[in-house]
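Enquirer: Build me a model from this:
(2 chains)
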Amino acid sequence: MSEKLFKYKLYVKNNNDVSFTPETLEKIQTIISHYPDGQHKSALIPILHIAQEELGGSLNVDIMDYVAGLLNITPIEVYEVATFYSQFYIDPVGKYVIEVCQTGPCAICGGEDIMNYLQEKLNIKVGETTDDKLFSLKAVECLGACGSAPVMQVNTEFHEFLDMQKIDEIIAKLRNESELKKPEELTWKERLS
Amino acid sequence: MERKIILENIEIEGIRSLDVYRENGGYKSIEKALKTMTPDEVVAEVKTSGLRGRGGAGFPTGMKWSFIDKKSGNPRYLVCNADESEPGTFKDRYLLEHIPHRLIEGMICSAYALGANKAYIYVRGEFKYIIGILNAAIKESYKAGFLGRNILGSGYDLDLHVHSGAGAYICGEETALLESLEGKRGNPRLKPPFPAIKGLYGCPTVVNNVETLANIGWIVNNGGEIYSKIGIGRSTGTKLISACGNINNPGVYEIELGLPVEEFIYSDKYCGGVKGGKELKAVIPGGSSVPILPKNLILNTLAGEKRLMSYESLSEGGFITGSMLGSGGFIVYDEDACIVRNTYNFSRFYHHESCGQCSPCREGTSWLESVLHRIENGQGKMKDIDLLVSIASKIEGNTICPLGDAAAWPVAAAVRHFRSEFEFHVLNPEIVKNIKHGSLEKYLKIPAVSGE
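Expert: Numbers count the residues shown, from 1 in each chain, chains lettered A, B, ... in the order given. A predicted model of the protein is given here:
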């Protein structure tokens, strides 16, 4: 229990310069324009998603303060949101974050075995990152794909109907490829296979 | 009789695109609603249809709409709840992935009926690729003139945007969803005031499930009267059921409400029976939050009538011998499934997802989890079983939002129907330690227990 209580380490501020590229800033302006005047805070969660994706895979204090400045809200408003939602990582993560569903329907279809196998294969425990900073392993709750259990998500990509062989293939593929194909680049058929 | 409303034409190739969708009769309802009907007439049709909320609570949609505050003069909002995270439920994902325009069409009609000029689709953050699909579909719809200013020359304006969540089950609760949409933590609000009076940004708001809104186009096209004749009794229309667990054909099925549960489980058209020819042990018929029922009580009610897939039939007998249709997440357990481990699993889920606002839920879910953990690991005592029931009864009804109830019900029901299995765990600690639940190979068979 105790380690759970101190799950979030808000790292000491490094005063590193963080900033989005001009293209990203433009994208963010569009997102803000989706909400009524004066309700720009609504854009916080979408912006944090972008920040996490483009500024190193996790959120640190520098990034959160920067986002607060962009939206003209207080930093604590960003911290409380970033620590509430499970998709935002405060601690640094590896390049590929493997999130294995642990909830009921996946569990009765072999989800627990999948998790054990991954821990063995990557030689890390749940919540840890491999030494080469390539993989982080996380246990998550229902991913909403119970019909294709067991399921895991690597970054934003779903992998369904898992078995040991499929995991071997996925890990080997990720190790070989320096770049994971972005989900939007995948064809419908590729995602199914 | 097979009846398709939401999943109609879903097998047509390219139905995800606007052109193919329109060729197959899509977007007709918008022309009809905007040009020939007043907003109140649309609401009246939905009321006549008897459509009930498909997110879990089953509240009549037309009635929910009629509560919206039109006098305040504040802008009104329509929000689609696509934060599908109830374990066992994956129907909205299927719908959004394959036929996103069905939702957009329904939302335009609904927003028109409510007088809303802005609408949002709140999608759970994990469904990132679905956000891409939806954005593309919305773009097409804007281009074709179904969204934006002066839609089809009717003078009605509507802006529709997708908003992404970030992984919080609690945001499926409508007021937590609104908080999250405002860029805050997903802490549910005290009700009243209900969102229909004070919702998004303090303005009148209606929050509806994806599947509910996907029905609206059909209702506008065909009239509420015809819709109300589909289904059985007060459970009108069709329902998407996402079937998973130990069955041969997991997937999403659209059924006409009133289909016998037995047929749903054993027919090859649906679940196709229990996997590996095993015996059916138990079913959770409406997502993990509703009570689990053992085989005899899911197939027949206590009175011996056939149990049907409908709001009324599944809740026949109250929580003593019945359950709920809920969100339609149909989880099937075979004879090897360990109910204690399963209950522990769901308790961990609710503990993890509790927002921490109300003490009974924050403390209670954690307590349930740790008691179940020790029973599951062979360290439980007999009195722990009654302790579970006691904790559950103290969470239920004492929290702001239904997450507390949702955490309490499955535990209470598991103890009620499978008490001997809990006792088995307490009495046989050495055996229990080796049970691997849901694993590819099963170590031990616990005799299935029939209900009361």
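
Enquirer: Where does the prediction get shaky in the chain?
Expert: Using chain A. Where chain A drops to pLDDT under 70, the residues are A:1-15, A:178-193.

Enquirer: My question was about chain B, not that one.
Expert: Counting by pLDDT under 70, chain B has low-confidence residues at B:1, B:434-452.

Enquirer: hmm, try it at 80
Expert: Residues of chain B that meet the criterion pLDDT under 80 lie in B:1-2, B:431-452.

Enquirer: all strands for it, in order.
Expert: Per DSSP state E, chain B carries strands over the ranges B:77-82, B:118-123, B:159-164, B:205-209, B:231-232, B:235-236, B:238-245, B:251-256, B:259-260, B:280-284, B:293-294, B:308-309, B:329-334.

Enquirer: what would those look like in JSON lines with distance to B:Ile391?
Expert: Heads up, the C-betas are built off the backbone N, CA and C, glycines and all. Below are those laid out as JSON lines (distance: least, Cβ to Cβ, whole Å):
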{"stretch": "strand B:77-82", "distance to B:Ile391": "29"}
{"stretch": "strand B:118-123", "distance to B:Ile391": "32"}
{"stretch": "strand B:159-164", "distance to B:Ile391": "35"}
{"stretch": "strand B:205-209", "distance to B:Ile391": "30"}
{"stretch": "strand B:231-232", "distance to B:Ile391": "37"}
{"stretch": "strand B:235-236", "distance to B:Ile391": "33"}
{"stretch": "strand B:238-245", "distance to B:Ile391": "26"}
{"stretch": "strand B:251-256", "distance to B:Ile391": "35"}
{"stretch": "strand B:259-260", "distance to B:Ile391": "36"}
{"stretch": "strand B:280-284", "distance to B:Ile391": "20"}
{"stretch": "strand B:293-294", "distance to B:Ile391": "22"}
{"stretch": "strand B:308-309", "distance to B:Ile391": "32"}
{"stretch": "strand B:329-334", "distance to B:Ile391": "23"}
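
Enquirer: Switch those strands over to a markdown table; also include mean neighbour count and distance to B:Gly273.
Expert: Listed next are the strands of chain B as a markdown table, based on neighbours: other Cβ atoms under 10 Å in any protein chain shown; distance: least, Cβ to Cβ, whole Å:
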| stretch | mean neighbour count | distance to B:Gly273 |
| --- | --- | --- |
| strand B:77-82 | 27 | 31 |
| strand B:118-123 | 25 | 34 |
| strand B:159-164 | 21 | 38 |
| strand B:205-209 | 27 | 29 |
| strand B:231-232 | 20 | 24 |
| strand B:235-236 | 23 | 25 |
| strand B:238-245 | 26 | 11 |
| strand B:251-256 | 21 | 14 |
| strand B:259-260 | 20 | 14 |
| strand B:280-284 | 26 | 8 |
| strand B:293-294 | 24 | 18 |
| strand B:308-309 | 25 | 17 |
| strand B:329-334 | 28 | 9 |
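
Enquirer: Compile these into JSON lines and extend it with columns for distance to chain A.
Expert: Below are the strands of chain B laid out as JSON lines (distance: least, Cβ to the nearest Cβ, whole Å):
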{"stretch": "strand B:77-82", "distance to chain A": "9"}
{"stretch": "strand B:118-123", "distance to chain A": "7"}
{"stretch": "strand B:159-164", "distance to chain A": "4"}
{"stretch": "strand B:205-209", "distance to chain A": "12"}
{"stretch": "strand B:231-232", "distance to chain A": "24"}
{"stretch": "strand B:235-236", "distance to chain A": "23"}
{"stretch": "strand B:238-245", "distance to chain A": "4"}
{"stretch": "strand B:251-256", "distance to chain A": "5"}
{"stretch": "strand B:259-260", "distance to chain A": "18"}
{"stretch": "strand B:280-284", "distance to chain A": "8"}
{"stretch": "strand B:293-294", "distance to chain A": "15"}
{"stretch": "strand B:308-309", "distance to chain A": "17"}
{"stretch": "strand B:329-334", "distance to chain A": "6"}
